[in-house]
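Q: need a structure here:
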Amino acid sequence: MAILLGRNTRVLIQGITGREGMARAKLAKQYGTNVVAGVTPGKGGAEIEGIPVFDTVEEATETCGPFDASAIFVQAPLIRNAAFEAIDCGVKLMVLVPDRVPLYDAIEIGERARCNGVRFIGPNTLGLITPGQAVLGMIGGRAETAKEWFKPGPVGVSCRSGGITTAISYYLTKKGIGQSTVVHVGGDGIVGLPHPEILMEFQSDKDTKAVVLFGEIGTSQEEMCADLIEQGKFTKPLVAFIGGAAAKAGTRFSHAGAIVEGNKGTHANKVKRLREAGANVVDKFEDIFEVTAQIIKGLEDKSVVRSTL
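A: Predicted structure coming up:
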């Protein structure tokens, strides 16, 4: 099992003939993702990696049938129109890859998506991967790397940093711990599926036994995760690390959304709230993997005991 993305997900790639679109179409196709079609206005009739290209999402849908998900690789000012086109054609999951998407555009996309029952990852995201099944976006870079660094298993990953998303999965794999689905929620202040919503997806997945969360200063995503634990809505073991311990108010830490304004979104408050809720918050990045390994071993030992009773 997994969340959001699987081997049968019917995928569309918007902006497929651009440099990034072509590179990531190759990644997805070679990884085994069910990429059905691509779209670039004015490029209809072409093929990329054996994937047919259409001028519009509507044409692609009429020819190939409905799509479950779309990865959008267009310039930031064009994201709004591309996302609206996907939403209007019934796509239910979008990955908005570009950074520097205008804030008001992101708000409008969010409102239109909400009204149509559509979810989206990003903006400013590497995307997501369900190891052994499918990848959507840029995670892994190349299929060979993705197959080596991401392995199927019981740990979900939700991360606010693209590079750290890959690093966490790589070191989990090196530790012998596979992943159910790995999600880079996006580095902007407003994203479609923030940490709390990803946690609830993992809560519903019976094969995800624990979750690793990489948080950052700025926004209230991590505090909202603490609320979910305290309310009994998220009950699985959570291992969390919060980046930006040394950042001062007004200093941006890596991403547009990782900035402390006044007393909101501070490192200290995020750590405090998560610990109070019962999450396993580690102070050093490298401790994530040992703590996660101990949790998984404990869960396996309990399973063995139950099976012998």
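Q: what's in contact with the longest helix seen in the chain?
A: Using DSSP state H to define each element, the chain has its longest helix at helix 287-308. When contacts are defined by Cβ atoms under 8 Å, 6 or more residues apart in numbering, helix 287-308 is touched by residues 154-155, 168, 171-172, 174-177, 209-210, 212, 237, 239, 241, 280, 282. In short, each C-beta sits where N, CA and C put it, glycine included.
Q: Quick one: mean pLDDT over that helix.
A: Mean pLDDT, computed over helix 287-308, is 83.
Q: Tell me which residues of that helix come out buried.
A: Buried positions in helix 287-308, judged by neighbour count with 16 or more other Cβ atoms under 10 Å: 288, 289, 291, 292, 293, 295, 296.
Q: From residue 280, how far off is the second one?
A: As judged by Cβ to Cβ, to the nearest Å, residue 289 and residue 280 stand 12 Å apart.
Q: And the fourth one, by the same measure?
A: In this view, residue 292 and residue 280 are 8 Å apart by Cβ to Cβ.
Q: ok, what's across the strand from the residue nearest to the spatial centre of the chain?
A: For the chain, the residue whose C-alpha lies nearest the mean C-alpha position (Cα atoms, centre = their mean) is residue 183; its distance is 2.4 Å. According to DSSP bridges, the partner residues bridging residue 183 are residue 128, residue 158.
Q: Quick check: it touching residue 158?
A: Yes: taking Cβ atoms under 8 Å as the definition, residue 183 is a contact partner of residue 158 at 5.3 Å.
Q: Find residues that contact each of the two.
A: Applying Cβ under 8 Å, 6+ apart, one finds that residue 183 and residue 158 are jointly contacted by residue 198.
Q: The nearest residue to residue 130 once chain neighbours are set aside - how many residues pack around it?
A: Taking Cβ to Cβ, 6 or more residues apart in numbering as the measure, residue 130 lies nearest to residue 2, with 4.0 Å between them; neighbours along the chain are not counted. By the measure other Cβ atoms under 10 Å, the count of residues near residue 2 is 25.
Q: So which residues of the stretch 1-150 of the chain form strands?
A: Defined through DSSP state E, counting those that start in this stretch, the strands belonging to the stretch 1-150 of the chain, from first to last, are 11-14, 35-39, 47-48, 51-54, 69-72, 93-96, 119-121, 127-130, 134-137.
Q: okay if I get those as a markdown table plus mean pLDDT, distance to residue 145 and mean neighbour count?
A: Written out in a markdown table, the entries for the strands of the stretch 1-150 of the chain read as follows (pLDDT from 0 to 100; distance: least, Cβ to Cβ, whole Å; neighbours: other Cβ atoms under 10 Å):
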| stretch | mean pLDDT | distance to residue 145 | mean neighbour count |
| --- | --- | --- | --- |
| strand 11-14 | 98 | 19 | 29 |
| strand 35-39 | 98 | 18 | 26 |
| strand 47-48 | 96 | 20 | 15 |
| strand 51-54 | 98 | 21 | 20 |
| strand 69-72 | 98 | 18 | 29 |
| strand 93-96 | 98 | 19 | 28 |
| strand 119-121 | 98 | 20 | 23 |
| strand 127-130 | 98 | 11 | 28 |
| strand 134-137 | 97 | 11 | 28 |
